[in-house]
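>>> model this:
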Amino acid sequence: MITRIANYDMLLVQVWRKKTRMIPVSNIIEREKTKGDKSWKYLKGSLKSIREAIKDVAKAIREGNVIAERGQPRVYSEQELFAELVNIGHIFSLLQTLGPLFGCTAEGRKEFLLQMMHNSSGDLAY
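Got it, this is the predicted structure:
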């Protein structure tokens, strides 16, 4: 039977082994406290290693995302393409080449395009 008292340090617990002996509760509390400290240290160490592993996984995912972004082809907008064609001079040369064509009538342009599309035998060139 355990009787509760206000001063737990003075409480004695009967421990049954080969013979009955009296051990102060404060000794048991200290022993449990050191066991708790060891298990708390073990738990903290485990949590620290888990945290480091999660950081490593996150870093690997970030690196994979960078590699995946590099592997995807770049999609250019119409404005970017036009600006680049102007930079390399393609638009200017195209306008010089097609200028006379746009100076012709619609019927003349049609004849010119049909002539370009057909070979000498009259079949489509493409």
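
>>> give the residue spans of this protein that score low on pLDDT.
Applying pLDDT under 70 to the chain flags residues 1-37, 90-102, 119-126.

>>> which helix is the longest one in it?
helix 25-71 (DSSP state H).

>>> counting contacts, what elements does that one pack onto?
strand 12-16 (3 or more C-beta pairs under 8 Å, 6 or more residues apart in numbering; DSSP states H and E). From N, CA and C alone the C-beta is placed, and that goes for glycine too.

>>> neighbours of Phe112, how many?
Other residues within reach of Phe112, judged by other C-beta atoms under 10 Å, total 13.

>>> wait, it touches Cys104, no?
Yes. Counting by C-beta atoms under 8 Å, Phe112 does reach Cys104; the two are 7.1 Å apart.

>>> circling back to that earlier point, which helices and strands does the helix or strand just after the longest helix of the chain pack with?
Counting by DSSP states H and E, the element after helix 25-71 in chain order, helix or strand, is helix 78-88. Secondary-structure packing of helix 78-88 (3+ C-beta pairs under 8 Å, 6+ apart): helix 90-103.

>>> the same query, at a cut-off of 7 Å, please.
Applying 3 or more C-beta pairs under 7 Å, 6 or more residues apart in numbering; DSSP states H and E, one finds that helix 78-88 contacts no other helix or strand.

>>> in it, what counts as buried?
When burial is assessed from 16 or more other C-beta atoms under 10 Å, helix 78-88 yields no buried residues.

>>> swap in stretch 53-60?
Taking 16+ other C-beta under 10 Å as the criterion, stretch 53-60 shows none as buried.
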